[in-house]
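S.K.: Structure for the following, please:
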Amino acid sequence: MRIRNKAVSVGKICLLVILLLVGLTVLGCLGIKTSPEGSSGGTIADGTIFLCPALKQAAGFGCTAPVVEGKLVAVDISDGSRLWETPLEASTPTGGGFGCASSATPVAIYGNPAVVGELVYVGGYNGRVYALNSSSGALRWEYPRGASSLEPIVSGVVVALDRLYFGCSDGKVYALDIETGDKQWEFSTGGKIWATPAIDGETLYIGSFDKKLYAIDAITGEEKWEFETEGAIASIPLVYNNTVYIGSFDRYFYAVDAATGSLKWEFLADKWFWTRAIACNNTIYAGCFDGRVYILDAESGDEVVDAIDLGSPIYSWPVLVEGKIIVATEEGEIYAIDTANNQAALLADLDETIYAPLCASDGIIYIYSLGRNLYALNAASGARLWSQAIE
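M.R.: So this is what the prediction gives:
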């Protein structure tokens, strides 16, 4: 492990992430970008992959930009054919002269959908959560009801214990009833929440921009413990062998006792952590913005082997498929790390920017690019089975 260096410019790191991933602008009707742009990774259930495409940019000058639409799309995983799509909301710039206004806010979706039974759930950057029928896309309920909305939701939604959990930019964690959307409880942190929660048993773990990792009773919403780092946390926790593993914008990767919140070990990288780690055979695989995958002993935090340098930042969540860790770089290269010998091999080069989390089913990995293309690749050979434009 490396010696701690406290001189980390967390503020600059957070600003870079905000500018890079959220895509907000103050340029209004100049037509450069008039809305947040986002895309989720896919979630697979019953032979269908559910995802929310990146929003189309509004174009043109003045107030003549076309409608910008956010939607949930259901795709058949066998061939990429579209089963249905449901627009969540649209925005049409209106007005005249030198001023303009927007009648609504488009729904950028950054977090993965959750699918349970006949419902699929998503949280939107417009501050609303939607529950839709997984077969048709028909709306079952949304939260909050009426005209009110929360602050932007960047977090993915997680379903467990008959509740839906998510974090919000207002600094709160929310628990809703999955059938009705009624709020069960809320828990306040000291900063924005972009991280997706993780549930283990009856405990929810989540990080906040207040630099803390929280353990919360998933039934009551009461705090169990908190662990403080030196940087904001935006990655999803990994819970493995009674330990919570989490990366922070302070460049450290932490192992924390799941029951007490006490530090077990910490590991320093060259840049910060955004993606989720994966555990296999008592080994932790953690991708980093420095383009490396760190391979750490789960108990001690020592490097099992030297980090694998993939040459490009890692935003996307990796997946474990048949003993191989599949990792996508920002530049679109797809690698397979064999957990038997920790050797990496290039599977494919999509030559597209990859931010969205990967997902996998039956030996096939599914990758959604910032160019709005969905790919299905054989995890063993890297062969492209199909690709479809999803926009």
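S.K.: Nearest residue to Gly123 in space, please, no chain neighbours.
M.R.: Ile153 (3.8 Å; CB to CB, 6 or more residues apart in numbering). In short, each C-beta sits where N, CA and C put it, glycine included.
S.K.: so where do the helices sit in the protein?
M.R.: For the chain, helices defined by DSSP state H occupy the ranges 10-21.
S.K.: where does it dip in pLDDT?
M.R.: Counting by pLDDT under 70, the chain has low-confidence residues at 1-39, 55-69, 89-106.
S.K.: Quick check: the gap between the residue positioned nearest the centre of it and Ser148.
M.R.: Note on the chain: the residue nearest the mean C-alpha position is Gly111, at 4.5 Å, using CA atoms, centre = their mean. Look at Gly111 and Ser148: by CB to CB, to the nearest Å, they are 21 Å apart.
S.K.: What of Ile109?
M.R.: 20 Å.
S.K.: Neighbour count for the two, which is higher?
M.R.: Ile109 (28 against 9; other CB atoms under 10 Å).
S.K.: Thought Asn126 was touching that one, still the case?
M.R.: No - using CB atoms under 8 Å, Ile109 is not in contact with Asn126, being 9.6 Å away.
S.K.: Now the common contact residues for these two.
M.R.: Counting by CB atoms under 8 Å, 6 or more residues apart in numbering, Ile109 and Asn126 have no contacts in common.
S.K.: quick one: the residue nearest to the centre of the chain from Tyr121, how far?
M.R.: Gly111 is 10 Å from Tyr121, by CB to CB.
S.K.: which neighbours do these two share?
M.R.: What both Gly111 and Tyr121 touch, as defined by CB under 8 Å, 6+ apart, is the set Val157.
S.K.: Give the buried residues for stretch 288-308.
M.R.: Buried residues in stretch 288-308, counted by 16 or more other CB atoms under 10 Å: 288-296, 298, 301, 304, 307-308.
S.K.: Endpoints of it, how far apart?
M.R.: 11 Å (CA to CA, to the nearest Å).
S.K.: So which residues make contact with it?
M.R.: 1, 240-241, 243, 245, 247, 253, 255, 264-267, 269-275, 279, 282-287, 309-315, 325, 327, 329, 335, 337, 342, 344.
S.K.: if you look at those, which of them are in strands?
M.R.: Residues of the contacts of stretch 288-308 located in strands (DSSP state E): 240, 243, 245, 247, 253, 255, 264-267, 279, 283-287, 309, 325, 327, 335, 337, 344.
S.K.: hmm, which of those are the buried ones?
M.R.: In those, the ones that pass as buried (16+ other CB under 10 Å) are 240, 243, 245, 247, 253, 255, 264-267, 279, 283-287, 325, 327, 335, 337, 344.
S.K.: Kind regards, and thank you for your time.
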